[in-house]
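*Asks:* Turn this into a model:
(2 chains)
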2 protein chains.
Amino acid sequence: MKSRTIFFVSDRTAITAETLGNSLMSQFADVERERHIIPFVDTQKRAESLKKKINAAYTVNEGRPLVFSTFTDDSLRKIVSESDCIFYDLFNDYITRMESDLRQESSHELGRSHGVVDKNSYESRIRAVNYALVNDDGACLDHYQQADVILVGVSRTGKTPTSLFLALQYGIFTANFPITDSDLDNCSLPRALKPYKEKLFGLTIEAEQLSRIRQERRPDSPYASLRTCQREVSQVEELFQLENIPYLNVTSISVEEIAAKIRFDT
Amino acid sequence: MKSRTIFFVSDRTAITAETLGNSLMSQFADVERERHIIPFVDTQKRAESLKKKINAAYTVNEGRPLVFSTFTDDSLRKIVSESDCIFYDLFNDYITRMESDLRQESSHELGRSHGVVDKNSYESRIRAVNYALVNDDGACLDHYQQADVILVGVSRTGKTPTSLFLALQYGIFTANFPITDSDLDNCSLPRALKPYKEKLFGLTIEAEQLSRIRQERRPDSPYASLRTCQREVSQVEELFQLENIPYLNVTSISVEEIAAKIRFDT
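*Replies:* Here you go, the predicted structure:
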């Protein structure tokens, strides 16, 4: 099995080329030798230089490089696709098929997958980020009327990164609020949250992983002990069930998955 | 021209299906009637129910629905692809070609494009988010040794969202630091940043847009006036040039693009 150099290339951010390309590559063992992510190849000169780089990566010892492309510009794509590589044309393959399926020519505009032209969407996402920052960790109780969702959970269950991801990726106004010992002991929701029960979404996690994460913050503290974590996790799940709050165990899933599930469920 | 219902579907987050599908759809005018994003179709029951939903969207007045899929599971994909639709199989089309190109069978594992199994990557991104939060807006001067990049710019140029995006998407340790009036008047970098000059990256923006953004924060203030914004922007760009700091005008680009450029340039 020859190992190969992998390129993720685009005239825009190359985020899609990298994400989809990664996902495809993960299905094949021992293929990847090294990888290059090359976004913003938006001039002829840059395309020619990329072509040279790809050609240089194809040596006698190695297989032809794999190139995952989301070029939208036809002439730039052509230059790069003519290098000594196996070219996976993630964007144009479908444009060609869609033109035929829809019996309509495509507009050949520069790819706008990430909301570049959509200023409203961009600004609403920035507003959502500001909202998430102001309303992190129960810092502020005045703005819950505006929230699309309020994440709840014990300390260190990923509430903050999830809030920020929901804001950045989807423009969802997300607050988060910690469930503390006194809430757990009473098995009741914090008073500030009671009027917004339908907006709540719970995060939980395996006690072992929670303990490990808390160790990083406060090593060898009661806060980080497995015993404390086991108690808190079991109490908070009981609370979620009692109050009928939808919740998710985030132990082995990524922040993207958590966010996509919350967006889908709420 | 018949308008159609669009589906973005997956047994995972559907982020890739939605992003690439959006980008493809943006090339065709007046096609989309309504859209459904349906992630986590990970059981036979859910796949059957999605099939029914797609079939129901195909009526006499409308064209066949367009389905953008990143299903990795063969049997679930088969169920959905047999609905009355035009099926764009963004994942499997390439798996099939790669198996032939690489003369290797794919592992048929569940798609791992978003770092689900890669705990190290997940945790380093969470660490990067925590770093970005602690080191937001010059709040803390002790940790710049750890920074991969320090964003600089006048108030409201998108430093915070960009820092968070760099952290969440790429695990890049990003601090950010405001350039204030006294720095601008002296045309010199803040003292705290001087030892880390090679890590600095500047953000700038058109004065009109800056003024509009500041108006939201402090309406009719000198801070938000066009005159102030024009002066600050021109002074900060002069400073960036004088100090040889790479910088980017973020006026009409998205946070994804800003982040991808910074990652590529640093």
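
*Asks:* contacts, neighbours, all on C-alpha from now
*Replies:* OK.

*Asks:* which outside residues touch stretch A:219-235?
*Replies:* Residues from elsewhere that reach stretch A:219-235 (CA atoms under 8 Å, 6 or more residues apart in numbering or on different chains): A:154, A:181, A:184, A:187, A:204-208, A:210-215, A:218.

*Asks:* hey, where'd the helices end up in the stretch 51-200 of chain A?
*Replies:* A:74-81, A:92-102, A:119-134, A:159-170, A:181-186 (DSSP state H, counting those that start in this stretch).

*Asks:* now, which of the contacts of stretch A:219-235 sits nearest chain B?
*Replies:* A:Ile213 (9.4 Å; CA to the nearest CA).

*Asks:* So what's the residue count around A:Ser182?
*Replies:* As a burial measure, A:Ser182 scores 11 neighbours (other CA atoms under 10 Å in any protein chain shown).

*Asks:* how close does it sit to A:Gln235?
*Replies:* 11 Å (CA to CA, to the nearest Å).

*Asks:* go on, A:Leu102?
*Replies:* Taking CA to CA, one finds A:Leu102 at 55 Å from A:Gln235.

*Asks:* just A:Leu151 next, same as before
*Replies:* Relative to A:Gln235, and taking CA to CA, A:Leu151 is found at 17 Å.

*Asks:* who has more neighbours, the two?
*Replies:* When neighbours are counted by other CA under 10 Å, A:Leu151 and A:Gln235 differ, and A:Leu151 comes out ahead with 24 against 19.

*Asks:* tell me the pLDDT at that one?
*Replies:* At A:Leu151, the model reports a pLDDT of 98.

*Asks:* Leaving out sequence neighbours, find the closest residue to it.
*Replies:* A:Asn176 (4.5 Å; CA to CA, 6 or more residues apart in numbering or on different chains).

*Asks:* From the chain's centre, how far out is the helix or strand of chain A with the lowest mean pLDDT? Work that out for me.
*Replies:* In chain A, no helix or strand scores lower on mean pLDDT, DSSP states H and E than helix A:119-134, which sits at a mean of 84. How far helix A:119-134 lies from its chain's middle: 16 Å, per CA atoms, centre = their mean, to the nearest Å.

*Asks:* so what's A:Ile150 up against?
*Replies:* A:144, A:174-177, A:199-201.

*Asks:* Let's see if you can find the most crowded of the residues you listed.
*Replies:* Going by other CA under 10 Å, A:Ala175 tops the contacts of A:Ile150 with 34 neighbours.

*Asks:* thinking again about what came up before, okay, the contacts of A:Ile150 in a markdown table with pLDDT next?
*Replies:* Shown next, in a markdown table, are the contacts of A:Ile150 (pLDDT from 0 to 100):
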| residue | pLDDT |
| --- | --- |
| A:Tyr144 | 95 |
| A:Thr174 | 97 |
| A:Ala175 | 97 |
| A:Asn176 | 97 |
| A:Phe177 | 97 |
| A:Lys199 | 97 |
| A:Leu200 | 97 |
| A:Phe201 | 98 |
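
*Asks:* Out of those, which sit inside strands?
*Replies:* Within those, residues falling in strands by DSSP state E are A:174-177, A:200-201.

*Asks:* ok, back up a step: contacts only, for the residue nearest to A:Leu151.
*Replies:* A:132, A:135-138, A:150-152, A:159-160, A:163.
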